[in-house]
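**Student:** Turn this into a structure:
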Amino acid sequence: MPADSAAPTGNLLLDALREPDRALIAPHLEPVSYDKGAIVFEAGSDVNHITFPCQQTVVALIIGTRDGRCAETATIGREGAVGGIVSAGRVPASTEAIVQIGGPMLRLDAGRLQEAKRGSVEVRNLFARYSDCLLAQVLQAAACNALHPIEQRCLRWLLTLQDRIGGDTLPITHELLASMLGVQRTYLTRILSTLQDQGLIRVGRGRITVLDRRAMSVAACECHARVQRHFKTVLGAVYTAEGIDRIEPPAPVDGDREPAMALRGAGG
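**Tutor:** Have a look, this model is predicted:
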């Protein structure tokens, strides 16, 4: 973590804050590093820290069932954070957070974030907007998992991961992707083979390469594009062909009215 609070952190949510507001948080950020497959927090555990993925690090929020199956509900990279974001923190986690792409992160005590929110309208506004966007992603994933065929769900997931990595080569195994989608590995292998025959992707050992993003976007369901539009409208996250480009600071507001209005976006 740079000593200068104005220096980029590698996390776009933190970097969207103006220097005086980020100075409320920067001294309390703890650099950490997680390997692929590491657990940031488990379902049912108390969440005492907010964790900010940096650079190409990616975390998935996972729901598991009693029979051992699981499914991904949200994918978070350098555009966001996990752990007590929607709540006020220090409450039991409803999901498990697993690292998909290992790398650097920054941790912040949940109480420190609450102090920063009390001291700055802009900090409150930014994190309220991000909470809205995270909820929108979770709700859209729930609809997608219930309504859309596995081929479209697979493309949606690959596009979401590419957004956060910013490159064409996705370091993902068949086993992990099958787990995220809640299907058997053998079934997923047939799906990936079909997508490869269509010229959309190239499947390799421990990686999947995106060959035609535009065609993948057309073949995928509307869920990926809807989440993109919501992030851009509410938070200012601009998605490009290379991934998530930036997060623009929201306009300053007076009092708490604007965050409350933003929160209505995902909650209906």
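**Student:** now the helix or strand hosting Ala128: how far from the chain's centre is it?
**Tutor:** Assigned by DSSP states H and E, Ala128 belongs to helix 121-147. Computed by CA atoms, centre = their mean, to the nearest Å, the chain-centroid distance of helix 121-147 equals 10 Å.
**Student:** For whichever helix or strand comes after that helix, C-alpha coordinates in CSV please.
**Tutor:** As assigned by DSSP H and E, the chain's next helix or strand after helix 121-147 is helix 150-165. Taking C-alpha atoms only, helix 150-165 is exported to CSV below (Å, rounded to 0.1, in the frame of the first residue of the first chain):
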residue,chain,number,x,y,z
ILE,A,150,-26.3,-23.5,-19.3
GLU,A,151,-24.7,-22.4,-22.6
GLN,A,152,-25.8,-18.8,-22.0
ARG,A,153,-25.0,-18.9,-18.3
CYS,A,154,-21.5,-20.2,-19.2
LEU,A,155,-20.9,-17.3,-21.6
ARG,A,156,-22.2,-14.8,-19.1
TRP,A,157,-19.7,-16.1,-16.5
LEU,A,158,-16.8,-16.0,-18.9
LEU,A,159,-17.6,-12.4,-20.0
THR,A,160,-17.9,-11.4,-16.4
LEU,A,161,-14.5,-12.8,-15.6
GLN,A,162,-12.9,-11.3,-18.6
ASP,A,163,-14.2,-7.9,-17.6
ARG,A,164,-12.2,-8.1,-14.3
ILE,A,165,-9.0,-9.6,-15.8
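**Student:** Now helix 150-165: buried residues?
**Tutor:** By neighbour count on 16 or more other CB atoms under 10 Å, the buried set for helix 150-165 is 151-165. Quick note: C-beta positions are derived from backbone N, CA and C, even for glycine.
**Student:** tell me which strands and helices whatever helix or strand comes next after that helix is in contact with?
**Tutor:** Per DSSP H and E, the first helix or strand lying C-terminal to helix 150-165 is strand 169-170. Contacts defined by 3 or more CB pairs under 8 Å, 6 or more residues apart in numbering; DSSP states H and E place strand 169-170 against helix 150-165, strand 207-210.
**Student:** Which residues does strand 169-170 contact?
**Tutor:** The contact list for strand 169-170 (CB atoms under 8 Å, 6 or more residues apart in numbering) reads Leu158, Leu161, Gln162, Arg207, Ile208, Thr209, Val210.
**Student:** From Val203, how far out is the residue lying closest to the fifth one once chain neighbours are set aside?
**Tutor:** In space, and not counting its chain neighbours, Ile208 is closest to Leu170: 4.8 Å by CB to CB, 6 or more residues apart in numbering. In this view, Leu170 and Val203 are 10 Å apart by CB to CB, to the nearest Å.
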